[in-house]
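**Student:** turn this into a structure:
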Amino acid sequence: MIVTLGAQGALVHTARHTVPVLAFDAGRVVETTGAGDAFTGALAVGLAEGMDAVAAARFACIAAGISVTRPGTSASMPRRDEVERALH
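**Tutor:** So this is what the prediction gives:
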C-alpha cells in the first residue's frame, strides 16, 4: 500500500517494511491543484513498467513535485523526460 503525505512525500507499506519516500522540491510552489493526479498517474506508469513500489513512489513524488511549480492542472503535468532528468 502507498499512502501520500502531500508536501512530506509518501509512505510505502509492504508486508515487512514501511519505507518513507521524500517529497521532491522542484522549486517555488505555484499551485497544488493536480499534484495528486500527477502522483497517481506517474505511480501507475512506474508500476505498470515493472518498477518496485519504492521506485514507483519516488518517480511519482518527482512528478508531483514538478507539477506544483506550474499553474493549472493538465498544463502542470510534467513530461516523462523531466521526471527522468530529476531522477538522476
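
**Student:** next, give phi and psi for the residue lying farthest from the centre of the chain.
**Tutor:** Distance from the C-alpha centroid of the chain, by C-alpha atoms, centre = their mean, peaks at residue 16 (22.7 Å). Per-residue torsions, residue 16: phi -110, psi -30 (degrees, to the nearest 10).

**Student:** all strands of this structure, in order?
**Tutor:** Taking DSSP state E as the test, the strands found in the chain are 2-4, 10-13, 18-21.

**Student:** possible to save the ones you listed as a markdown table with mean pLDDT, distance to residue 53 and mean neighbour count?
**Tutor:** (Each C-beta comes from the backbone N, C-alpha and C, glycine too.) Listed next are the strands of the chain as a markdown table, based on pLDDT from 0 to 100; distance: least, C-beta to C-beta, whole Å; neighbours: other C-beta atoms under 10 Å:
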| stretch | mean pLDDT | distance to residue 53 | mean neighbour count |
| --- | --- | --- | --- |
| strand 2-4 | 95 | 6 | 16 |
| strand 10-13 | 98 | 5 | 18 |
| strand 18-21 | 98 | 8 | 15 |
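
**Student:** the ones you listed: which one's closest to residue 30?
**Tutor:** Closest approach to residue 30 among the strands of the chain is made by strand 2-4 (19.3 Å; C-beta to C-beta).

**Student:** in its sheet, which strands sit next to that closest one, and in what direction?
**Tutor:** strand 10-13 (antiparallel) (DSSP bridges).

**Student:** just the CA trace of the strand it pairs with, in PDB.
**Tutor:** Only the C-alpha atoms of strand 10-13 are listed here, as PDB (Å, rounded to 0.1, in the frame of the first residue of the first chain):
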ATOM      1  CA  ALA A  10       4.700   9.200   0.600                       C
ATOM      2  CA  LEU A  11       4.900   6.000   2.600                       C
ATOM      3  CA  VAL A  12       5.300   2.600   1.000                       C
ATOM      4  CA  HIS A  13       3.900  -0.100   3.200                       C
END
